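J.: Predicted model follows, preceded by the sequence.
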Amino acid sequence: MDNSSVSKLLDDISVLLELKEENAFKIRSYQKAASNIERLSESLADIYKKGGRRSLEEIDGIGAGISERIEEILTTGKSSYLEELHKDIPKSVVEMLRIQGVGPKLVIRLYKDLKIKSVEELLSAAKKGILKKLDGVREKKIESIIKGIENYRKLDRKHLISDALSYAQALLKEIKSHDYVVDAVICGSLRRGKETIGDIDILATGINPKKLADAFVSLPQVKRAIAKGETKSSVVLENGMNADLRMVGPESFGSAAHYFTGSQQHNIKIRKLAISKGLKVSEYGVFRGNKKLAGRTESGLFKVLGLQFIPPELREDSGEIEAAARKAIPRLVELSDVKGDLHMHSDYTDGEVPIEEMAAAAKLLGYDYIAITDHSKSTTVAGGLDARSVEKQMREIDALNKRLKDFRVLKGIEVDILKDGSLDLDDAVLAGLDLVIASVHSHFSMPGTAMTERVLKAMHNRYVSIIGHPTGRLIGKRQPYEIDMGAVIKEAAKTHTALELNSFPDRLDLNDLNCRLAGENGVRIAINTDSHRPADLSYMKFGIGTARRGWLTKNDVINTLSLERLLGFVSLKRK
DNA sequence: GCCGTTTTCGGCCCGACTGTTTTCAGTCG
């Protein structure tokens, strides 16, 4: 049982407790435990194996009660408490909560008073006017429920950060184009660099919030408005996403940006910290009584709380506030630190353009080097290279390097890790290359132990400098294959093998948690784009965002090194 | 249910918008 499954069950418990109108703080305890577990980099099962319930209780938000629930979940795979709760409230009733504007109070009345058990029954009841039997439900509420259901059905849930970002930037541009807008920024999970995004959040400041709200809800991308007020408006976009616009005065722009960037758990902890210092934090500023101490800038807010500035990517309540209090927030890796890109394809295999064009595009980005890493022969769908084709490509790259000034194209390969952990090309071929990435592209559904052995064996090859997209996941399409990342990370540290952070928006593999674990274990990371065309090179920013979420610094990342030192890293293992 | 440089008991972040209300509950983030 993995962490996110445990987290999901605890979250389910919290939802049912909400429907039972249990103590609100008890509900939040379950929610908090669930979200803390979700962000844990170590496996809960391992923690429990090592120290039992006592070590579970060392995790923030887990006490005697919840550790008992977790113990049962880990040992039996289910929770009798959850099953007990489900006796009174079926799953189809819980689903109604996912409709915008329908909360726990309404759901429980729908179920108890009107015997409505599902979203379908709710829609039909709404259309027949049956809902008017409930106190406080009239025409407008019914209309909003019907629209909420329509939207819920179309909602394809979370969006990749790349898609959400282009949408958000278009909205931002529209908002900024108005004369009465002084400044506007993207906040929310997009600013924190999460791999998938639910809503788009934009903060604006200017002289006429009312006019801006009117303009916002009538943008061409907007399908319908959910709310419109002096400081806050919410809309549903044509692509099914929600977008929120907040408007504050310039004296509150920093504190509002902080509040609106979240995460919610981070905000709660910041506000608690403020209380302990006799202060109050809200989106309008930091206050002692009625006296405002900060708010114009985010850095001012952190400063009056006695904290170092916390980069948005770290704001997940996973130790960043404690670190900021100790002045121990590292300088995270930045896009401008990147000196090269070590994973890309050319028209020798499934890339779209010749090597020279990839090199030219990379040079335009200010890089000093790239590695061309086409597929090896086993990846037949991509037209993978055999030893002969590798020879040919090497000669072409040598010739190209003679023509290029202040730039180097490294001769590389993305060699397949075969089922038994051996590689798809002989060592003699690999030895002639500057850089070898080894990746799994087949037999994804092996048992975890076999898959782990397979990758460990590949790492033992002295020519393998990088393991490509180490978990193989495709966000929204394919689960990571079963692999013990803890073991892979330990072995990577031992063998001087770097792990890839593949920046392709549907990969982001390693993810943020594994990056953090790798960094803590002294493993080097290569942040690559896996580009198949020049435009893909711009995906580097998503890899950087994920690396920052994983607390990585410039020193953790090999493609921030000079060419000389990068080649030194490669030869260290080859010795 | 969790937690403790004021607490092992009594707290638990803070504020906006909507709809149906004559002062607020429900929902959301």
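T.: It's in. Numbers count the residues shown, from 1 in each chain, chains lettered A, B, ... in the order given.

J.: going forward, measure contacts and count neighbours with C-alpha atoms only.
T.: Will do.

J.: quick one, phi psi at the closest residue to A:Ala45 other than its chain neighbours?
T.: Leaving out its chain neighbours, the residue that sits closest to A:Ala45 by C-alpha to C-alpha, 6 or more residues apart in numbering is A:Leu74, at 6.6 Å. The phi/psi pair for A:Leu74 (degrees, to the nearest 10) reads phi -70, psi -30.

J.: ok, A:Leu74 - contacts?
T.: A:Leu74 makes contact with A:1, A:6, A:45 under the criterion C-alpha atoms under 8 Å, 6 or more residues apart in numbering.

J.: Packing partners of the lowest-mean-pLDDT helix or strand in chain A?
T.: Here the helix or strand of chain A ranked lowest by mean pLDDT, DSSP states H and E is helix A:139-154, holding a mean of 89. Contact partners of helix A:139-154 among helices and strands, from 3 or more C-alpha pairs under 8 Å, 6 or more residues apart in numbering; DSSP states H and E: helix A:119-128.

J.: Identify the residues contacting A:Pro483.
T.: Rather than Pro, residue A:483 is Ile. Neighbours of A:Ile483 in contact, by C-alpha under 8 Å, 6+ apart: A:448-449, A:451-452, A:471.

J.: any idea how far DNA strand B is from it?
T.: Distance, A:Ile483 to DNA strand B, using C-alpha to the nearest atom of the strand, to the nearest Å: 30 Å.

J.: Could you do A:Val338 as well?
T.: Counting by C-alpha to the nearest atom of the strand - A:Val338 and DNA strand B are separated by 33 Å.

J.: Skipping adjacent residues, who's closest to that residue in space?
T.: Nearest to A:Val338 is A:Thr560, by C-alpha to C-alpha, 6+ apart, at 4.6 Å.

J.: correct me, but that neighbour touches A:Lys339?
T.: Yes: using C-alpha atoms under 8 Å, A:Thr560 is in contact with A:Lys339, at 5.0 Å.

J.: of these two, who's got more company?
T.: More crowded of A:Thr560 and A:Lys339, by other C-alpha atoms under 10 Å: A:Thr560, with 24 against 20.

J.: Next SSE downstream of the helix or strand containing A:Lys269?
T.: Secondary structure from DSSP states H and E places A:Lys269 in helix A:264-276. Using DSSP H and E, the next helix or strand after helix A:264-276 towards the C-terminus is strand A:280-282.

J.: what's next to whichever helix or strand comes after that next one, contact-wise?
T.: Next along the chain after strand A:280-282, taking DSSP H and E as the criterion, comes strand A:285-288. If you take C-alpha under 8 Å, 6+ apart as the criterion, strand A:285-288 is touched by A:252, A:254-256, A:278-281, A:292-296, A:301, A:304.

J.: check those residues against DNA strand B, which are close?
T.: A:280-281 (C-alpha under 7 Å from any atom of the strand).

J.: Do a quick rundown of the helices in the stretch 351-500 of chain A.
T.: Counting by DSSP state H, counting those that start in this stretch, the stretch 351-500 of chain A has helices at residues A:355-364, A:387-403, A:427-431, A:448-459, A:485-495.

J.: so can I have CSV of these showing distance to DNA strand B?
T.: Formatted as CSV, the helices of the stretch 351-500 of chain A follow (distance: least, C-alpha to the nearest atom of the strand, whole Å):
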stretch, distance to DNA strand B
helix A:355-364, 37
helix A:387-403, 50
helix A:427-431, 50
helix A:448-459, 31
helix A:485-495, 25
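
J.: Nearest to A:Glu195, out of these?
T.: helix A:485-495 (19.1 Å; C-alpha to C-alpha).
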